[in-house]
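Student: have a look; sequence and predicted model below, questions after that.
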Amino acid sequence: MDAAATVTGVEPIDATAFENAVEALARCERRSLECVDACVGEDDAASMAECIRRDLDCAGVCAATRGALSRWRSWDPFAVMALLDACIVVCGRSADECLRHDHEHCRRCGEQTRECEAMCRALAADIERVVAQAMPA
């Protein structure tokens, strides 16, 4: 996967960072969907509507970001950056909402989405570094 993280003439991003990101995004997507399912099963599911919406947004953006990172033979750093930025926002909003609730499934989801948010920030910083180095002065 080394080629995935290389922009010509620039020190590459460690391939492990991409692999870890794909795995973290998959975990976050899965945990968000598990939380949605559990929220729907709550006695007062209507009170969980905002949590459900934010979890669905998070799962969808994580899936799209994971897909873009998985296509390593032709990755577009600008598209990936836009997706990572979106992921940072939706993961943060999902975590904020989930952590407002006392349900165990919400706590687990909030923790997972915070972890994913941090991973997206770290990878975005690495990609910004590589793109900045590749730009002509």
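Tutor: Cool, the structure landed.

Student: could you list the low-confidence segments of this protein?
Tutor: Applying pLDDT under 70 to the chain flags the ranges 1-12, 72-73, 137.

Student: how about the helices in it?
Tutor: 15-40, 49-70, 77-98, 104-134 (DSSP state H).

Student: with mean neighbour count added, can I get the ones you listed in CSV?
Tutor: Heads up, the C-betas are built off the backbone N, CA and C, glycines and all. Shown next, in CSV, are those (neighbours: other C-beta atoms under 10 Å):
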stretch, mean neighbour count
helix 15-40, 20
helix 49-70, 20
helix 77-98, 20
helix 104-134, 18
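
Student: for residue 105, see how far away the closest residue in space to residue 112 that isn't next to it in sequence is.
Tutor: Closest residue to residue 112 apart from its sequence neighbours, by C-beta to C-beta, 6 or more residues apart in numbering: residue 31 at 4.0 Å. For residue 31, the distance to residue 105 equals 9 Å [C-beta to C-beta, to the nearest Å].

Student: before we move on, what about residue 30?
Tutor: 12 Å.

Student: now swap in residue 28 and tell me
Tutor: Taken as C-beta to C-beta, the span from residue 28 to residue 105 is 14 Å.

Student: repeat that for residue 77.
Tutor: Taken as C-beta to C-beta, the span from residue 77 to residue 105 is 35 Å.

Student: ok, residue 19 next?
Tutor: For residue 19 relative to residue 105 (C-beta to C-beta), the value is 27 Å.

Student: same question, residue 57
Tutor: From residue 57 to residue 105 the distance is 17 Å (C-beta to C-beta).
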